[in-house]
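**Q** generate a structure from the sequence data that follows.
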Amino acid sequence: MEVKGLELFNEVVDRFVSKWDCSARPGSEFAYFYATDEISWSLLVTEDADRYFQSFLTESFPDITADTFIWSLLHEVGHHETIDDWTEEEQEFFDSEKERIEELYRQSTNKDLSYLYFNLPDEYAATCWAADYIRENPEEIEALLEELREVAKVFYKLNEVELAA
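**A** Take a look at the predicted model:
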């Protein structure tokens, strides 16, 4: 079955992230690619490790109630915006720690490993950037969500999914 209309979501996301000189593309997970300033996004949380992200956010930023999609997208923008805060050596250390944690994930995904990953300095900085942006721009966030909701209605119609009345 071919999924129709995914490009409609991407147009909205791409336009939103373009203000930071990034581009967007759908993918199997949220990620930031610094070599191309590209952000991949997903309609669903698919990685086992990511299932703890929302609980981490709720515990770390109890004053913010935002959609996981918004958090994830802005977290990736946060990587783009904070990447120059780190030396090359620091970034290499973070990357090696991520590889180590990901290897442990293959053996057993758990909350402690996920929180270890989320608290790596570059990850936490990206999340803090996202938190600040959400706090400072609630109208913009709501407008983005509304635009995504409208696109979702078209997406459902294109894919012959009936909406509840």
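**Q** what's the most centrally placed residue in the chain in contact with, if anything?
**A** The residue lying closest to the centre of the chain (CA atoms, centre = their mean) is residue 72, at 2.1 Å. Residues near residue 72 by CB atoms under 8 Å, 6 or more residues apart in numbering: 30, 41-42, 45, 50, 53. Just so you know, the C-beta spots here come from the backbone N, C-alpha and C atoms, and that holds for glycine as well.
**Q** of those, which belong to helices?
**A** Among these, the members found in helices (DSSP state H) are residue 53.
**Q** who wins on neighbours among the contacts of residue 72?
**A** In terms of neighbours by other CB atoms under 10 Å, the contacts of residue 72 top out with residue 30 at 23 neighbours.
**Q** how about that one, nearest residue that isn't a chain neighbour?
**A** residue 72 (4.2 Å; CB to CB, 6 or more residues apart in numbering).
**Q** just for this protein, where's the confidence low?
**A** Scanning the chain for pLDDT under 70 picks out 1, 45-49, 165.
**Q** could you pull out the strands for it?
**A** Ranges of strands in the chain, per DSSP state E, are 23-26, 31-33, 38-41.
**Q** which helices and strands sit right next to the last one?
**A** Think strand 38-41. Strand 38-41 sits against helix 6-17, strand 23-26, strand 31-33, helix 68-82, with contacts defined as 3 or more CB pairs under 8 Å, 6 or more residues apart in numbering; DSSP states H and E.
**Q** dump these to a markdown table, plus distance to residue 117.
**A** As requested, the helices and strands packed on strand 38-41 are exported to a markdown table (distance: least, CB to CB, whole Å):
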| stretch | distance to residue 117 |
| --- | --- |
| helix 6-17 | 23 |
| strand 23-26 | 23 |
| strand 31-33 | 13 |
| helix 68-82 | 12 |
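**Q** of the ones you listed, which is nearest residue 138?
**A** Nearest to residue 138 among these is helix 68-82 (10.8 Å), distances taken as CB to CB.
**Q** pull out the buried residues from that closest one.
**A** 69-82 (16 or more other CB atoms under 10 Å).
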